[in-house]
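Asker: Here you go, sequence then predicted model.
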Amino acid sequence: MSKALGLLSGGLDSSLAALALKRQEVEVTCIAFVTPFFGSAKAEKAARKMDIPLIVKPIGEVHLEMVKNPHYGYGKNLNPCIDCHAMMFRIAGEIMAKQGFDFLFSGEVLGQRPMSQNLSALQAVAKHSGMAGRILRPMSARLLPETPMENAGLVDRSRLLDIQGRSRRRQAEFAEAWGLIDYPPSGGGCLLTEKSFSGRLRDLFAHQPEATVTDVELLKLGRQFRLSPNARLTLGRDQGSNEKIKGIARPTDILLRSASFTGPLGLVSGRPEATDLELAAAVVAAYGKGQDEAQVEILLLQGNVQRLQAVAPRPREACQDLRID
């Protein structure tokens, strides 16, 4: 019996790819990657339903460095799909070698995404990953050149699929026939494909090239304001985001909140100067219950050090000029 390790997002295509091999008695294990831009929850749910072992692999730091400067560039937003798939195959290939799998596979469908899943792109992924000749794409295998795994009899090519294009009709038919139900809708799942988040990330990369995973996590929370080229303010929208901001704060970050009124928690990151902190305090005051006061005292906390700063709340319309969208 051959052993295969597959990339599993938890979507319909990657699930069907795993089942296509499992149905011909290939011993299937899957791997899901965790980065600041996508997680493993859907993959974990899908793996449980299919009774397939799953490896969950965090790759946040190395993935972020790739996103900053992808070899093949970006898609419509800041999604470096070719480089991302190549990285995942490269890491999966290292696990394949250590744990004795025979080959890798994925749920990619020929022509489903015109820029990242055409024949040239699929070949680029294989070459850039260093795993050329070890990657099988069961969903479109009969439309692609025969692989060494098929030649060696590790899989039966005649029982692989020949799906191509953007329609999901045939996938839905196979899902019904193979008893795969309650799968997530197509698309989504990766923040790098979202226009609003990509705008925030572009701003971060432009002003803070050394940005870390924590800086990216902050982009997901509340409102974002560009105070200066050197400093950014993250402002909570509700109690939940306030708690998350507090929990993610590093020793170098500065937390701000109103000393006398209820309101949001702010976090200043980067390399702020005194003027940046004064501006941040005015924005925090603008979004609290003291927004109509002449002056509000804002508490600034950095580690065990704290101080008060009295500021006039900034007019809300003026705050919008600082928003990062």
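Answerer: Nice, thanks for sending it over. Numbers count the residues shown, from 1 in each chain.
Asker: Count the residues that sit near the closest residue to Cys30 other than its chain neighbours.
Answerer: Among residues not flanking Cys30 along the chain, Leu8 sits closest, at 3.7 Å (Cβ to Cβ, 6 or more residues apart in numbering). C-beta coordinates here come from the backbone N, C-alpha and C atoms, glycine included. By other Cβ atoms under 10 Å, the residues close to Leu8 number 29.
Asker: isn't Leu8 right up against Phe33?
Answerer: No - using Cβ atoms under 8 Å, Leu8 is not in contact with Phe33; the gap is 9.5 Å.
Asker: which residue ranges form the helices in the stretch 1-150 of the chain?
Answerer: Per DSSP state H, counting those that start in this stretch, the stretch 1-150 of the chain carries helices over the ranges 12-22, 41-50, 60-68, 81-99, 119-129, 148-151.
Asker: Quick check: which of those helices is nearest to Asp321?
Answerer: helix 60-68 (27.4 Å; Cβ to Cβ).
Asker: Now the nearest residue to Leu221 once chain neighbours are set aside: which helix or strand?
Answerer: Excluding the flanking residues, the one nearest Leu221 by Cβ to Cβ, 6+ apart is Ser241, at 5.0 Å. If you go by DSSP states H and E, Ser241 is part of helix 239-248.
Asker: in that helix, what counts as buried?
Answerer: 241-242, 244-245, 248 (16 or more other Cβ atoms under 10 Å).
Asker: Give the rounded mean pLDDT of it.
Answerer: What helix 239-248 shows for mean pLDDT is 96.
Asker: now the residue nearest to Cys30: how far from Arg23?
Answerer: Leu8 is 16 Å from Arg23, where distance means Cβ to Cβ, to the nearest Å.
Asker: Let's see the distance spanning stretch 17-34 from one end to the other.
Answerer: 20 Å (Cα to Cα, to the nearest Å).
Asker: next one: stretch 244-257
Answerer: Start-to-end span of stretch 244-257 (Cα to Cα) is 14 Å.
Asker: what's in contact with that stretch?
Answerer: For stretch 244-257, the external contacting residues (Cβ atoms under 8 Å, 6 or more residues apart in numbering) are 214, 217-218, 221-222, 234, 236, 263-269, 272, 277, 280-281, 284, 298-303.
Asker: Which among the residues you listed count as buried?
Answerer: 218, 221-222, 234, 236, 263-269, 272, 277, 280-281, 284, 298-302.
Asker: mind checking the end-to-end distance for stretch 136-145?
Answerer: End-to-end for stretch 136-145, by Cα to Cα: 10 Å.
Asker: quick one: average pLDDT of that stretch?
Answerer: Stretch 136-145 comes out at a mean pLDDT of 97.
Asker: who's in contact with that stretch?
Answerer: With Cβ under 8 Å, 6+ apart as the criterion, stretch 136-145 contacts 4, 13, 16-17, 20-21, 103-110, 119, 122, 147, 149-150, 155, 157-158, 160-164, 171.
Asker: Which residue is the nearest non-sequential neighbour of Glu61?
Answerer: Glu61's closest residue in space is Val213 (Cβ to Cβ, 6+ apart), at 5.9 Å.
Asker: What is the burial count for that neighbour?
Answerer: Val213: 14 neighbours (other Cβ under 10 Å).
Asker: likewise the one 3 residues further on?
Answerer: Using other Cβ under 10 Å, Val216 has 21 other residues around it.
Asker: Tell me if I'm right that it and Leu201 touch.
Answerer: Yes - Val216 is within contact range of Leu201, at 7.1 Å (criterion: Cβ under 8 Å).
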